[in-house]
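Colleague: Turn this into a model:
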Amino acid sequence: MVLTGLVFFALGVVGVGVNALRTHLTGSLAVAARTGDVARTSSLLRWRWLADISHRSVLRGAAEAGHTDVVALLLDAGVYPSAGALERAADEGHIETVALLIEAGADASVADLDGAAEAGHTEVVALLIEEGADLSSEWPLIEAAQEGHTDIVALLIQAGAEINRCSSNRNGVSRVEAAIGNTLNRIVGSPHRMEAKEHSGPLFDVQCYPLSLERAIEAGHTEIAGMLIAAGANVLAKNYLAMGRTPVELAHEEGQADMIQLLDAALELPLAGNVINAAEARDWDRLSRVVALGADVNEPETWSFGTTFAWTALMYAAYEGRVDIVSTLLDAGADVTHATADSVTALSLATKNGHEAVVERLRAASAQR
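Modeller: You can find the predicted model right below:
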């Protein structure tokens, strides 16, 4: 019995010693791989039966540092070419390492393009796309647009990346964003917010928001913004986490003349949604232009942070006392009798705010009906 106990004790001691050695050798291998020490890596790989050569830090460290020769040694030794190692190499722009990992069997279809796109590694992004990288995420395009990487934006657009950020919660609002919005008392998940779709035509059928365009505008990358618009970015979509702001309104907030001119030109094309968006923004010049182009002057605003107002452009112009715009809208067929659920009309708004010239013009139009 005593002898048996001594045997088990000895085996236990040996086991502890082996585990400690295994941990030490694995750590040493990871350091050698990360620092690109080929000789040391080769030496330690002779102990592969004892060291954990497939420990995730070993291959990832070499890939992240771009030590292609060390990566080759590890792959030859039987280390699995993981997606994690591929992602690390891609993020750092190590094209040769990326190519080697893919050749060894790393799955490019699950590769995350975010890091490479943000850092501007065009060749890496191109290779990953060629090898079937996942384009379902909108973030690579968003990151590239924000950082001004024109070539990468072009690659992603050509490959079919999503231009307008979409989600099951409509207009690009994710569940997380909806929760944040509700916390901030901005009812981004409200069913009211897409009621305007019924009145605004096909433009709002997309139900997505071009976050990539927003980032390009914020950063002042006019060329990239133009590329995104040409590819179908929805210039009239509203960001419900930014008080319903459109890309056009953002450009005005940023005071970017070139960007405003670009977006202005884009707005000459889609008429649906333009009237009410211009009225909400008090952009009377744009409102006059789209009315002249034949836009529907009676499309109402039907969402405003969870409350249905149903104001029309005529009501906004009356509220502001813009008799010139009121006349333009009336001449284009604006409905002077339109009223909200609580009986607010253009005439009542003008009267309440003391805009006598507008009141007279509205009364004259009403009398002609």
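Colleague: how far away is the residue nearest in space to the middle of the chain from residue 122?
Modeller: In the chain, the C-alpha closest to the average C-alpha coordinate belongs to residue 211, at a distance of 4.1 Å (CA atoms, centre = their mean). Between residue 211 and residue 122 the computed distance is 21 Å (CB to CB, to the nearest Å). Where you see a C-beta, it was placed from the backbone N, CA and C, and this is true even at glycine.
Colleague: correct me, but residue 281 touches residue 251?
Modeller: No - in this structure, residue 281 is not within contact of residue 251 by CB atoms under 8 Å, at 10.7 Å.
Colleague: who's more crowded, these two?
Modeller: Neighbour comparison, residue 281 and residue 251: the larger count goes to residue 251, with 26 against 16 (by other CB atoms under 10 Å).
Colleague: and that one, helix, strand or coil?
Modeller: Assigned with DSSP: H, G, I helix; E, B strand; the rest coil, residue 251 falls in the helix class.
Colleague: Just checking, which helix or strand succeeds the helix or strand bottoming out on mean pLDDT in the chain along the chain?
Modeller: None of the helices or strands of the chain scores lower by mean pLDDT, DSSP states H and E than helix 197-200, at a mean of 35. Following helix 197-200 in sequence order, the next helix or strand is helix 211-219 (DSSP states H and E).
Colleague: continuing past that next one, what's the next helix or strand?
Modeller: With DSSP H and E setting the assignment, the helix or strand that follows helix 211-219 is helix 222-230.
Colleague: Report the buried residues of that following helix.
Modeller: Neighbour counts using 16 or more other CB atoms under 10 Å place 222, 224-229 of helix 222-230 among the buried residues.
Colleague: what's the offset of the helix or strand where residue 315 lies from the middle of its chain?
Modeller: Using DSSP H and E, residue 315 sits within helix 313-320. The gap between the average C-alpha position of helix 313-320 and the chain average comes to 34 Å, counting by CA atoms, centre = their mean, to the nearest Å.
Colleague: residues making contact with it?
Modeller: Identification of contacts with helix 313-320 by CB atoms under 8 Å, 6 or more residues apart in numbering yields 275-276, 278-280, 282, 284, 287, 297-299, 325-326, 329-330, 334-336, 338, 344-347, 349-350, 353, 355, 358, 362.
Colleague: Which entries within those meet the buried criterion?
Modeller: Among the contacts of helix 313-320, those classed as buried by 16+ other CB under 10 Å are 275-276, 278-280, 284, 287, 297-299, 325-326, 329-330, 334-336, 338, 344-347, 349-350, 355, 358, 362.
Colleague: For the strand or helix carrying residue 259, which helices and strands make contact with it?
Modeller: When elements are defined using DSSP H and E, residue 259 is found to belong to helix 257-267. With contacts defined as 3 or more CB pairs under 8 Å, 6 or more residues apart in numbering; DSSP states H and E, helix 257-267 has these neighbours: helix 222-230, helix 247-254, helix 284-292.
Colleague: CA atoms only: put stretch 317-328 into CSV for me.
Modeller: As requested, C-alpha coordinates have been extracted for stretch 317-328 and formatted as CSV (Å, rounded to 0.1, in the frame of the first residue of the first chain):
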residue,chain,number,x,y,z
ALA,A,317,-43.7,78.1,-44.9
ALA,A,318,-46.8,79.7,-43.2
TYR,A,319,-45.4,79.1,-39.8
GLU,A,320,-42.1,80.8,-40.8
GLY,A,321,-44.0,83.7,-42.5
ARG,A,322,-42.5,83.0,-46.0
VAL,A,323,-45.1,84.5,-48.2
ASP,A,324,-42.9,84.0,-51.3
ILE,A,325,-42.7,80.2,-50.6
VAL,A,326,-46.4,80.1,-49.7
SER,A,327,-47.3,81.6,-53.1
THR,A,328,-44.9,79.2,-54.9
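Colleague: What residues sit buried inside that stretch?
Modeller: Neighbour counts over stretch 317-328 (16+ other CB under 10 Å) mark 317-323, 325-328 as buried.
Colleague: what would the residues you listed look like in a markdown table with distance to residue 158 and pLDDT?
Modeller: Listed next are the buried residues of stretch 317-328 as a markdown table, based on distance: CB to CB, whole Å; pLDDT from 0 to 100:
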| residue | distance to residue 158 | pLDDT |
| --- | --- | --- |
| 317 | 43 | 93 |
| 318 | 47 | 94 |
| 319 | 46 | 94 |
| 320 | 44 | 93 |
| 321 | 49 | 94 |
| 322 | 44 | 94 |
| 323 | 49 | 94 |
| 325 | 42 | 93 |
| 326 | 47 | 95 |
| 327 | 47 | 94 |
| 328 | 42 | 93 |
